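A.B. asks: next input, structure requested:
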Amino acid sequence: MEHLQPPVPATTSPPATVHSRRICTLLVCDLADSTALVERLGDQRASDLIARHDQLARGLTTRHHGREIDKTDGFLLMFERPSHAVAWALDYHAALARLSESAGEDVRARVGIHMGDVVTWENPPEAVAHGAKPVEVEGLTKPIAARLAQLALPGQTLLSESAASLAQRAEDEIDTQGGGLRWLQHGRYRLKGLPEAVDVFEVGISGTAPLRAPGSARAGAPVGRVRRRFVAALVATVLLGALVGVWFWRNGPMAPAIPEKSVAVLPFSNDSGDPGQQFFSDGLSENLINALSQFAGLKVISRNSAFQFRNSKDTAAQIGKALGVVHLLEGSVQRDGGAVRITATLVNAPDGSILWSQRYDRPYKDLFALQDEITSAAATALQVELLTAPGAVLQSERPPSGNLAAYAAYQHGVAYDAVGTEQGFRQAIDAYNEAISLDPKYAAAYAQLSSTTVNLAVQFQGGAPAAQAFSHARTAVESALALDPNLSLAHQAHANLLQLVDMNWRGAEAEAQRALLLSPNDAKAQFGLAYISPALGQVERAATLARQALLVDPRHSRWYEWLSYYLAAAGHLDEARAAIQTAISLRPDGVANYEQLAVIEILRGDAAGALAAAQKEPPGIWHGIAMTLALQVGPDRTGADAALDDLIKQYAGDAAYQVAEVHALRKDPDAMFQWLDRAWSNRDGGVFLALSDPLILRYQHDPRFAAFCRKVGLPTTTDAVAMK
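C.D. replies: Next up is the predicted model:
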């Protein structure tokens, strides 16, 4: 079989330096009072002690998957993930404590960590031979990390918000060696030499770390804060903050203007004193999102993106810019037995001014009427009218009986669903079933039950359990459609089942179109039609719909990944690369993100870039897929063959479609078509991508391709072109 070979250089001149822009975590450590240490110990003893310090620091760097970039009294280190940098820092301080004890000297260090955008390049060997560093790193991320280290107290680790938020999410991966890990927010500091104040956080072990406000005047000073209710604590899921969180929209080719009639409903705070009532305040916020989404000409940010600013300390202007809106609706909910108090405030995001504010005290039994009252008041202030688009029908996820207990169970299900784990799906299913038992005519609960049951089975089950789950899902969606034929959520659930279970592409498209017609402002409905479009060869339509969905859910990393696929399939490789970089910036540990980047680099003809991307894919099946694909276009033929053998050995049952892609890269169409047939036999969900996959489409003119399309119900390439 014929293999792809690397290009032969045209000349023997030294290769040009290749600059690579990327998101990474930089750590700067600096020995405290190193000059005094030398004066106290003398040159030789101090040199010996510093050598021991350097040895332990380098050992920790290897252990925690870091890379040494530069060295002075301390180190500049680069990590792929903030959690790795935090783990390094904790072990580093502990190792210095042991070194201090053995040496009889107080050896402590300051550590600063920041995650952001950098430019890296490797110096040629001749430059390194003359004293240059092997790898250069530049960008604002480096001085921020350095200033944080300077600001820190001896023994202290300070982080920026972008690093702290991600590291705290991965706290379970950090070995605290039995100590209690604590996270503190120290506020905003104006760091010397930087144009904007930086939010400073600390991480450390109780009893060993300072865990108090830093006090180094040489690096910076604290600044005051704007005090608003929605400007409060650490953002758990806002991944890169003001520096890179909206990089794609600022720098990509699709940056949209912010419409005047636009609003984000931030999660209302739960002031009931009972954490168990959080679902109630979240449910109110989501109900307001759904209700406002039905007003003509009003852009309303979806729950997924708006809820990432829960308890955010960002200003109204920062939140508005990140979400692409002019207005913010925020408030609080307090439930006490049979009474409820809701405070709602509409804010003009650019200047933080309050446009409208109202407090409501009502009996809990009047909750639905109260929600309508708040929606109406906000709509009046925003000067918008109810949706009048042709074919659209006002949507509601309330129980038709008005049963508040059923509604509460439903909201519990929505909250569990949003977690996205196997346990979360199971808890959501239980909650939806409870809602249905309380109101057997609750169409929205049946629709959600169907979608969640399918998602659980597809992602976490197989064999007989999955088959039984699919049967239950089908019954549930049929009930939803019978109870409310105009419920967009029910048609979305039906499209989901038709595509993922029945592989009925035409039927799924029809249901997705119906869902979008009924609720044209619904981002999930927009993306649902985008998701089925590749099966019909309509990747440009998919990209357009995905962009529309991202306008109202701008922080949905998974949708950016799919947008990247659609753009790459349409041949827009630069835009595809920008989209997947945004997905990575929003969720650096997201599954299959780096695999998608590796495929883009393959399509761009960059074998080295493909391998570098593949190596960053988190462990698991997608790491194996990414590495196998990337190795096929590189010079290591033995490694390419071994990777393919290993992929088949480990994942043949789950990755048959991707094995077909590998054979397409190896220019082996016979094997490619064999594995496509196997993927279809396995009911591999990847089959629906065959008509849009640039790797598979290399053989679209082979008669076997049209035969395969007909067998699986896909249109032929000729039919697909005619539909565009």
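A.B. asks: look up phi and psi at residue 273.
C.D. replies: phi 80, psi 0 (degrees, to the nearest 10).
A.B. asks: and the gap between it and residue 333?
C.D. replies: 12 Å (CB to CB, to the nearest Å). In this view, the C-beta of every residue, glycine as well, is placed from N, C-alpha and C.
A.B. asks: looking at those two, which is more packed in?
C.D. replies: residue 333 (23 against 9; other CB atoms under 10 Å).
A.B. asks: and the more buried one, what does it touch?
C.D. replies: 268, 269, 270, 271, 272, 277, 280, 281, 284, 340, 341, 342 (CB atoms under 8 Å, 6 or more residues apart in numbering).
A.B. asks: hmm, who's touching stretch 452-462?
C.D. replies: 413, 417, 422, 425-426, 428-429, 432, 465-466, 469-470, 472-473, 476, 493, 496-497, 500-501, 685.
A.B. asks: from these, which would you call buried?
C.D. replies: Buried subset of the contacts of stretch 452-462 (neighbour count, 16 or more other CB atoms under 10 Å): 413, 417, 425, 428-429, 432, 466, 469-470, 472-473, 476, 493, 496-497, 500-501.
A.B. asks: excluding its backbone neighbours, what's nearest the spatially most central residue of the chain?
C.D. replies: Central residue of the chain (CA atoms, centre = their mean): residue 587, 3.2 Å from the mean position. Excluding the flanking residues, the one nearest residue 587 by CB to CB, 6 or more residues apart in numbering is residue 557, at 3.9 Å.
A.B. asks: try residue 86
C.D. replies: residue 167 (4.5 Å).
A.B. asks: tell me which element that neighbour is part of?
C.D. replies: helix 161-169 (DSSP states H and E).
A.B. asks: gap between that helix and the chain center?
C.D. replies: 13 Å (CA atoms, centre = their mean, to the nearest Å).
A.B. asks: quick check: which element contains the nearest residue to residue 599 once chain neighbours are set aside?
C.D. replies: Excluding the flanking residues, the one nearest residue 599 by CB to CB, 6+ apart is residue 629, at 6.4 Å. Here residue 629 sits within helix 621-632, counting by DSSP H and E.
A.B. asks: hmm, who's touching that helix?
C.D. replies: Contacts of helix 621-632 (CB under 8 Å, 6+ apart): 3-4, 591-592, 594-595, 598-599, 601-602, 607, 610-611, 613-615, 617, 639-640, 643-644, 646-647, 650-651, 654-655, 658, 661-662, 665-666.
A.B. asks: going through those residues, which ones are buried?
C.D. replies: 4, 592, 594-595, 598-599, 601-602, 607, 610-611, 613-614, 617, 639-640, 643-644, 647, 651, 655, 658, 661-662, 665-666.
A.B. asks: picking up where we left off before, burial of the residue nearest to residue 599, as a residue count?
C.D. replies: 27.
A.B. asks: how about residue 82?
C.D. replies: 28.
A.B. asks: likewise for the one 4 residues further on?
C.D. replies: Close neighbours of residue 86, defined as other CB under 10 Å, add up to 31.
A.B. asks: contacts only, for it.
C.D. replies: Contacts of residue 86 (CB under 8 Å, 6+ apart): 113, 157, 159, 163, 167, 174, 203.
A.B. asks: got it, and residue 173?
C.D. replies: Neighbouring residues of residue 173 by CB under 8 Å, 6+ apart: 83, 87.
A.B. asks: so where do the helices sit in the stretch 201-350 of the chain?
C.D. replies: Secondary structure of the stretch 201-350 of the chain (DSSP state H, counting those that start in this stretch): helices at 241-244, 247-251, 278-292, 303-306, 316-323.
A.B. asks: sorry, back to before: mind checking how far the residue nearest to the centre of the chain is from residue 581?
C.D. replies: 12 Å.
A.B. asks: so the residue nearest to residue 587 sits against residue 590, correct?
C.D. replies: Yes - counting by CB atoms under 8 Å, residue 557 does reach residue 590; the two are 5.3 Å apart.
A.B. asks: circling back: next structured bit after the helix holding residue 629?
C.D. replies: Downstream of helix 621-632 (by DSSP H and E), the next one is helix 637-651.
A.B. asks: residues touching that next one, excluding its own?
C.D. replies: Contacts for helix 637-651 (CB under 8 Å, 6+ apart): 3, 621, 624-625, 627-628, 631-632, 634, 655, 658-659, 662, 666.
A.B. asks: hmm, which two among these are most spread apart?
C.D. replies: 3 and 621 (23.9 Å; CB to CB).
A.B. asks: before we move on, the earlier item: what comes up buried for the helix or strand following the helix holding residue 167?
C.D. replies: Going down the chain from helix 161-169, the next helix or strand is strand 181-191, by DSSP H and E. Of the residues in strand 181-191, 181, 183, 184, 188, 189, 191 count as buried by neighbour count, 16+ other CB under 10 Å.
A.B. asks: tell me the strands beside strand 181-191, with direction?
C.D. replies: Take DSSP bridges as the rule and strand 181-191 pairs in its sheet with strand 198-205 (antiparallel), strand 220-222 (antiparallel).
A.B. asks: just the helices in the stretch 351-500 of the chain please.
C.D. replies: 367-382, 404-419, 422-438, 443-460, 463-483, 488-497.
A.B. asks: for the longest one, name the packing helices and strands.
C.D. replies: Helix 463-483 is packed against helix 443-460, helix 488-497, with contacts defined by 3 or more CB pairs under 8 Å, 6 or more residues apart in numbering; DSSP states H and E.
A.B. asks: burial of residue 645, as a residue count?
C.D. replies: 11.
A.B. asks: need the buried ones from the contacts of residue 333 selected in ChimeraX.
C.D. replies: The ChimeraX command for the buried members of the contacts of residue 333 (criterion: 16+ other CB under 10 Å) is given here:
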select :268,269,270,271,272,277,280,281,284,340,342
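A.B. asks: I'd like to know which of the contacts of residue 333 are part of strands.
C.D. replies: Among the contacts of residue 333, the members found in strands (DSSP state E) are 269, 270, 340, 341, 342.
A.B. asks: list the buried residues for stretch 42-62?
C.D. replies: For stretch 42-62, by 16+ other CB under 10 Å, it's 46, 49, 50, 53, 57, 60, 61.
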